[in-house]
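J.: My questions concern the predicted model and sequence given below.
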Amino acid sequence: QVQLVESGGGLVQAGGSLRLSCAVSGVTFRSYAMGWFRQTSEKEREFVAAISRSGDIKDYKDSVKGRFTISRANARNTVYLQMNNLKPEDTAVYYCAADPSSSCCGSSPNRYAYWGKGTQVTVSS
């Protein structure tokens with residue numbers, strides 16, 4: 001079956017860094033654009049970043065541009081989210097998701113067919 005497993009979350013001080021990973025199995029990874037979303041108890045799930053199948057196209061939420069970098073390793077069936085200069089408002093559960101669309105990049109959760117269970121990121125001030 002299809003599995004997306006996130007890892008790398010944790011507790012970090014403001015200004016610190018974390019690298020999230022998402023290992024994908026059960027699908028042909030290179031056939032899917034990939035995205036990262038986040039959600040808190042107060043907010044709906046929101047788009048953070050997305051990357052095309054080949055990795056040549058990337059898109060970001062405005063508030064994370066210049067701080068977060070999405071990348072992928074198709075040989076390892078893994079997508080990453082490098083998060084630098086973290087802020088308390090980045091605190092959320094982070095989810096990776098797989099988008100079967102041929103175009104990139106989608107910010108709507110409705111585009112994404114498969115989801116991981118999430119990893120908690122907490123940024124203290």
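T.: Done, it's in. Numbering: from 1, shown residues only.

J.: Mind checking which residue lies nearest the centre of this structure?
T.: Centre of the chain computed as the mean C-alpha position; nearest residue by C-alpha atoms, centre = their mean is Trp36, 2.2 Å away.

J.: quick one: it from Gly116, how far?
T.: 10 Å (C-beta to C-beta, to the nearest Å). For glycine as for every other residue, the C-beta is placed from the backbone atoms N, C-alpha and C.

J.: re earlier: would you confirm that the residue nearest to the centre of the chain contacts Ala50?
T.: Yes - look at Trp36 against Ala50 with C-beta atoms under 8 Å: they come within range, at 7.4 Å.

J.: Mutual contacts of Trp36 and Gly116, please.
T.: Common neighbours of Trp36 and Gly116 (criterion: C-beta atoms under 8 Å, 6 or more residues apart in numbering): Cys22, Tyr95, Cys96, Ala97.

J.: would TSV of those residues with pLDDT, secondary structure and distance to Ser103 be doable?
T.: Below are these laid out as TSV (pLDDT from 0 to 100; DSSP: H, G, I helix; E, B strand; the rest coil; distance: C-beta to C-beta, whole Å):
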residue	pLDDT	secondary structure	distance to Ser103
Cys22	98	strand	21
Tyr95	98	strand	21
Cys96	98	strand	19
Ala97	98	strand	16
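
J.: Provide a PyMOL selection command restricted to the buried entries of these.
T.: In PyMOL syntax, the buried subset of the shared contacts of Trp36 and Gly116 is picked out as below (16 or more other C-beta atoms under 10 Å):
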select buried, resi 22+95+96+97
